[in-house]
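In: For reference, the sequence and a predicted model appear below.
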Amino acid sequence: MTACALFACENTCQIKIICIEGVNSLNISTYSLKPRFQQLLTPCRDWLIRLGFTPNQVTLFTCCLCVIYAGILFIPNTTAFFLLFLPILLFVRMAFNALDGMVASATNNYSATGSVLNELCDVISDLALFSAFALILPIPLWSWWLLIVLSLLSEFVALAVYQATGVRPFSGPFGKSDRALYLGVLAILLFFYPDIFVLFYIYITGGLILALMTVWNRLKLAK
């Protein structure tokens, strides 16, 4: 089967679609929805530009928002209430993750610092949000920390592929936007079904499989 792998070249901000033999449909990612999502965010981009925000400021703001929220989840007696707000926060995060690049493109404000900051803040945000769940989940912590390691490994592999080939893969099925959806659903499950332990074993196992597939899919693209 032939499928299309999705790449983004950081230095040109162009999306490249590369068809590769043997990549199956499980390589799909919600990242493929990004072009349409960006169109909807155009008024927000223009508003940020009028206010004088730079791409790096948008990136840092998004990271701080995620870290602060993760810190709130660590506070006793507030976790259950704030879990319901996580899907909203993750949607806002995805919006701002798109907006920093859109602002950079519209203002021609690209920099090596911005590229590094974007990758670094993504990792910090993911690590903060995922770590917060380590204190909430009613399952052995080793499985959750393994999922965190595999998620970070998938991003490391993507950067290694970018260094080797000049294109940055965003292939799934457990890329950045996919992980946001995964955490949002997990938060809802924890709020409504906190005592159904088998549900979380199945859900975490599914996440581990998806993370492993993502690492493998990205490794295969280093040709």
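Out: Cool, the structure landed. Residues are numbered from 1 along each chain as shown.
In: Quick check: closest non-adjacent residue to Pro194.
Out: If the residues on either side of it in the chain are set aside, Pro194 comes closest to Pro138, at 6.9 Å by C-beta to C-beta, 6 or more residues apart in numbering. Heads up, the C-betas are built off the backbone N, CA and C, glycines and all.
In: Tell me which stretches of the chain form strands.
Out: Using DSSP state E, the strands found in the chain span residues 2-9, 14-21, 168-169.
In: and the gap between Gly184 and Leu129?
Out: As judged by C-beta to C-beta, to the nearest Å, Gly184 and Leu129 stand 10 Å apart.
In: again with Val198
Out: The value you get for Val198 to Leu129, if C-beta to C-beta is used, is 24 Å.
In: for Pro173, same thing?
Out: For Pro173, the distance to Leu129 equals 19 Å [C-beta to C-beta].
In: which residues in this protein form helices?
Out: 34-40, 42-50, 55-73, 79-83, 86-107, 112-133, 141-165, 176-192, 197-220 (DSSP state H).
In: Could you dump the ones you listed into CSV with mean pLDDT and mean neighbour count added?
Out: Putting those into CSV (pLDDT from 0 to 100; neighbours: other C-beta atoms under 10 Å) gives the following:
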stretch, mean pLDDT, mean neighbour count
helix 34-40, 76, 13
helix 42-50, 92, 14
helix 55-73, 94, 18
helix 79-83, 83, 16
helix 86-107, 91, 19
helix 112-133, 92, 17
helix 141-165, 93, 17
helix 176-192, 92, 19
helix 197-220, 94, 18
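In: So for the chain, the centremost residue is which one?
Out: Lys176 (1.9 Å; C-alpha atoms, centre = their mean).
In: excluding its backbone neighbours, what's nearest it?
Out: Asp122 (6.1 Å).
In: residue contacts, that neighbour?
Out: By C-beta atoms under 8 Å, 6 or more residues apart in numbering, Asp122 lies in contact with 97, 155, 176.
In: quick one, what contacts the second one?
Out: In other words, Glu155. So Glu155 contacts 119, 122-123, 126, 176 (C-beta under 8 Å, 6+ apart).
In: Over to Val92?
Out: With C-beta under 8 Å, 6+ apart, Val92 has these contacts: Leu65.
In: quick one: it from Leu199, how far?
Out: From Val92 to Leu199 the distance is 27 Å (C-beta to C-beta).
In: same deal with Val149?
Out: Val149 is 23 Å from Leu199, by C-beta to C-beta.
In: and Ser25, what pLDDT?
Out: The per-residue pLDDT reported for Ser25 equals 44.
In: all numbers from here: first residue = 596
Out: Fine by me, first position is 596 from now on; the one you just mentioned is Ser620.
In: isn't Phe669 right next to Ala727, touching?
Out: Yes - between Phe669 and Ala727 a contact is recorded at 6.2 Å, counting by C-beta atoms under 8 Å.
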